[in-house]
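J.: quick one: sequence and predicted model below, then my questions.
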Amino acid sequence: MKKYFEIAKEKFEALKTKKDVVVLGIESSCDETSVSLVKNGREILANVVATQIEIHKRFGGVVPEVASRNHILAITNVFEECLAKANMTAGDIDAVAVTFGAGLVGALLVGVNFAKALSYALNLPLIAVSHIDGHIAANFLSHPNLKPPFLCLMVSGGHTALLDVQDYATRTLLGSTIDDAVGECFDKVARVLGLPYPGGVQIDRLAKIGAENITFLKHEVLPNTLNFSFSGLKTAVINYVHTQKQKNHEIALSDVAASFQKTAVAQLVGKTIAAAKQVGQKNVVIAGGVGANSGLQRALGDACAREDITLFHPNLALCTDNAAMIASAGYYYIRAGRGLADLDLTASPVVKL
Ligand code: KG4
Ligand code: ZN
């Protein structure tokens, strides 16, 4: 009798050229438990996302152990709901793609182990997907005609980077943050302003009604490089808030939000345009949760238009964590003949950018 991995390998080989490929995606890297079915990397058949936001809100942020436990409680139901929504059975799945990193190890392990069990039970190829590639692929689901090459601005809770994406399987890191990720910075600033978790979306909301009248940084951040830094900005906002409190001054939350967001966005826009010029890319895509930020979309859209660059960003629901983007990335891994994992696959807190 053939062993599991021999069968998986044979099926994986056949999928490289199969006409229609249905990938089941699984995502559990942070506080969203998500399972999705995607056809040919582009067509979402179902995408179920169970968020734990309400659970973590009272702690002011994600508590890793609580996240893991809630993934365990949710994942079977989310899987079954996904199949039901797509009106499919397990027999319709060609491969299982799962986020193996980056993220919270305990949280990732739930998805990874569920994916391993499913692959073994159904004799299906198991594809280990990087969360970074997932966020990039969210753009393939939102823009049917978008293809590499393009420049990608990756902006999430864990990463801030510029990637030169040459094709579906090849990308080069041009620059990344030397300290905090921009999403982390949004969340910390929101927290110091007393706004509920998750903070990024609250800052975005307040920034719309605030005045950009506070100067937090006097100098350009890491000039002439494509690396980012957000800890200085974060500290500047925290110091401002503390000083205002000490003086018993009322803090205009919306003005702080608007001024902070403008400063953070300016750094992202400046470096993205510089990178696009450096590598000669005329297409730029935004990826990751902060890609949902309306100020970033507007400012980068304007800057790209001035440079005759076309800007893409995922549909709002696909900016933040979801399994459809993992299934899409998994499909492109299969077509490129990479990512096949055996049952010893484990979770990784970090991945290569
Ligand atoms: O990509 P994501 O869902 O998870 C990670 O891979 O980290 O990104 C989450 C981050 C959080 O920091 C959250 O505050 C931020 O994305 N975020 C936003 C907005 N929506 C989500 N930041 C700014 N403006 C938004 N509208
Ligand atoms: Zn993410």
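T.: Nice, I can see it. Ligands and ions are numbered 1, 2, ... in the order given.

J.: who are the packing partners of whatever helix or strand Ala84 lives in?
T.: Using DSSP states H and E, Ala84 falls within helix 64-86. Judged by 3 or more CB pairs under 8 Å, 6 or more residues apart in numbering; DSSP states H and E, helix 64-86 is in contact with strand 22-27, strand 32-39, strand 43-51, helix 53-57, helix 105-122. (Glycine included, C-beta is placed from N, CA and C.)

J.: between those, which one is nearest to Asp180?
T.: helix 53-57 (19.4 Å; CB to CB).

J.: any buried residues in the closest one, and which?
T.: Residues His56 are the ones in helix 53-57 that count as buried (16 or more other CB atoms under 10 Å).

J.: go on, stretch 202-209?
T.: Applying 16+ other CB under 10 Å to stretch 202-209 flags Gln202, Ile203, Asp204, Leu206, Ala207 as buried.

J.: for the chain, which segments count as helices?
T.: Listed in chain order, the helices of the chain (DSSP state H) span 4-15, 53-57, 64-86, 105-122, 131-142, 182-192, 199-207, 231-246, 253-279, 294-306, 316-319, 324-335.

J.: which pair of the buried residues of stretch 202-209 spans the longest distance?
T.: Greatest spacing in the buried residues of stretch 202-209, by CB to CB: Gln202 and Ala207 (9.4 Å).

J.: who touches both of those two?
T.: Counting by CB atoms under 8 Å, 6 or more residues apart in numbering, the residues touching both Gln202 and Ala207 are Ala257.

J.: residue of the stretch 201-350 of the chain closest to ligand 2, please.
T.: Sorted by distance to ligand 2 under CB to the ion, the residues of the stretch 201-350 of the chain start with Asp321, at 4.4 Å.

J.: identify the bridge partners of the nearest residue to Val49 once chain neighbours are set aside.
T.: Closest residue in space to Val49, ignoring its immediate chain neighbours: Ser34 at 4.4 Å, by CB to CB, 6 or more residues apart in numbering. The partner list for Ser34 in beta bridges (DSSP bridges) reads Glu27, Val49.

J.: pretty sure Ser34 contacts Ala50?
T.: Yes. The pair Ser34 / Ala50 is scored as a contact, 7.0 Å apart, by CB atoms under 8 Å.

J.: these two - which one has more neighbours?
T.: Taking other CB atoms under 10 Å, Ser34 and Ala50 do not tie; Ser34 has more neighbours (29 against 18).

J.: residue contacts, the more buried one?
T.: Here Ser34 is in contact with 25-28, 47-50, 78, 321-324, 326 (criterion: CB under 8 Å, 6+ apart).

J.: one more pass at 10 Å, please.
T.: By CB atoms under 10 Å, 6 or more residues apart in numbering, the contact list for Ser34 reads 25-28, 47-51, 71, 74-75, 78, 82, 99, 111, 320-327.

J.: next one, pLDDT for it please.
T.: Ser34 carries a pLDDT value of 98.

J.: about what we covered before: now, of the helices of the chain, which is deepest in the fold?
T.: helix 324-335 (a mean of 29; mean count of other CB atoms under 10 Å).

J.: mind pulling up the pLDDT for Thr17?
T.: Thr17 is given a pLDDT of 97.

J.: what sits against the residue in the stretch 1-150 of the chain that ligand 1 sits nearest to?
T.: In the stretch 1-150 of the chain, the residue that lies nearest ligand 1 is Cys30 (5.5 Å; CB to the nearest ligand atom). When contacts are counted by CB under 10 Å, 6+ apart, Cys30 touches 51-52, 56, 62, 64, 67, 71, 99, 102-104, 107-108, 131, 156-158, 289, 320-321.

J.: where does the protein dip in pLDDT?
T.: Nowhere does the chain drop to pLDDT under 70.

J.: and it, which residues reach ligand 2?
T.: The chain comes close to ligand 2 at residues Ser156, Asp321, as judged by CB under 5 Å from the ion.

J.: got the domain boundaries for the chain?
T.: 4-139+320-341, 145-317 (automatic domain parsing).

J.: Pro144 - nearest residue in space that isn't next to it in sequence?
T.: Counting by CB to CB, 6+ apart, the residue nearest Pro144 is Arg42, at 6.0 Å.

J.: go on, Asp133?
T.: Ala329 (4.2 Å).

J.: contacting residues for that neighbour?
T.: By CB under 10 Å, 6+ apart, the contact list for Ala329 reads 23, 25, 38, 41, 97, 99, 127, 129-138, 140, 168, 339.

J.: spit out the contact partners of whatever residue of the stretch 51-200 of the chain ends up closest to ligand 2.
T.: Closest approach between the stretch 51-200 of the chain and ligand 2, counting by CB to the ion: Ser156, at 4.5 Å. Shown in contact with Ser156 (CB under 10 Å, 6+ apart): 30, 102, 131-132, 135, 181-184, 200, 287-291, 319-321.

J.: what residues are up against the residue lying closest to it once chain neighbours are set aside?
T.: Leaving aside its sequence neighbours, Ser156 sits nearest to Gly288 (CB to CB, 6+ apart; 3.3 Å). Applying CB under 10 Å, 6+ apart to Gly288 gives the contacts 131-132, 134-136, 138, 152-161, 181-183, 313-314, 319-321.

J.: now Arg69
T.: Gln52, Ile55, Val63, Gly106, Ala107, Val110.

J.: what's around Leu345, how many residues?
T.: Leu345, neighbours per other CB under 10 Å, totals 18.

J.: I figured it hits Ala115, correct?
T.: Yes. Counting by CB atoms under 10 Å, Leu345 touches Ala115, with 7.9 Å between them.
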